[in-house]
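1. Pasted the sequence and its predicted model underneath.
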Amino acid sequence: MYEPKTKETDNSVTEFIEHVENEKKKEDAYQLVEIFEEVTGYVAKMWGPSIIGFGSYHYKYASGHEGDAPLVGFSPRKAKISLYLSYESDERDTLLENFGKHTKGKSCIYVNKLADIDINVLKKLILHTVETYQNLYPNE
């Protein structure tokens, strides 16, 4: 049976951030925790060894595969900050037009530093993601 690698843990978010080597990235991580907590109303939790997540939802695919995941999150990785936000959609693409310097994947947006992006657009992306996943996977 498939066992997801990314599970919520009791590890300390602060301890994780304190081990980030780049001082600017560490500052950005603390600021992101504040932003995500303010917008979502959820307390930061570690998911797996390196993702800081907020809230959670339970998913179940038609294949029978199911598990839990954070509604939104981020990880201050060595190269870039990974923002785990809503998968590709027209609304996400529209918001990203005014987001600032970034690259994107299916469910990730990558930024070098917070100074490169519009924080108000980030807040809208976070809210959009939370609403999207809560609508897709309502608590049963």
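-> On my side now, so go ahead.
2. Who are the contact partners of residue 28?
-> By C-beta atoms under 8 Å, 6 or more residues apart in numbering, the contact set of residue 28 is 76, 81, 113-114. In this view, the C-beta of every residue, glycine as well, is placed from N, C-alpha and C.
3. buried sites along the helix or strand hosting it?
-> Taking DSSP states H and E as the definition, residue 28 sits inside helix 23-40. Within helix 23-40, the residues scored as buried using 16 or more other C-beta atoms under 10 Å are 25, 28-29, 32-33, 35-36, 39-40.
4. Find the residue at the geometric middle of the protein.
-> residue 73 (1.9 Å; C-alpha atoms, centre = their mean).
5. closest to residue 129 among the contacts of residue 28?
-> residue 81 (15.7 Å; C-beta to C-beta).
6. what's near enough to touch residue 121?
-> 95-96, 98-100.
7. among the residues you listed, which ones are buried?
-> Using 16+ other C-beta under 10 Å, the buried ones in the contacts of residue 121 are 95-96, 99.
8. Toward the C-terminus, what is the element adjacent to the lowest-mean-pLDDT helix or strand in the chain?
-> Ranking every helix and strand in the chain by mean pLDDT, DSSP states H and E puts strand 57-60 at the bottom, with a mean of 86. Next helix or strand after strand 57-60 toward the C-terminus (DSSP H and E): strand 66-69.
9. buried set for that following strand?
-> residue 69.
10. moving C-terminal of it, what's the next helix or strand?
-> Next along from strand 66-69, by DSSP H and E: strand 72-76.
11. average pLDDT for the helix or strand just after that next one?
-> As assigned by DSSP H and E, the chain's next helix or strand after strand 72-76 is strand 81-84. Mean per-residue pLDDT for strand 81-84: 96.
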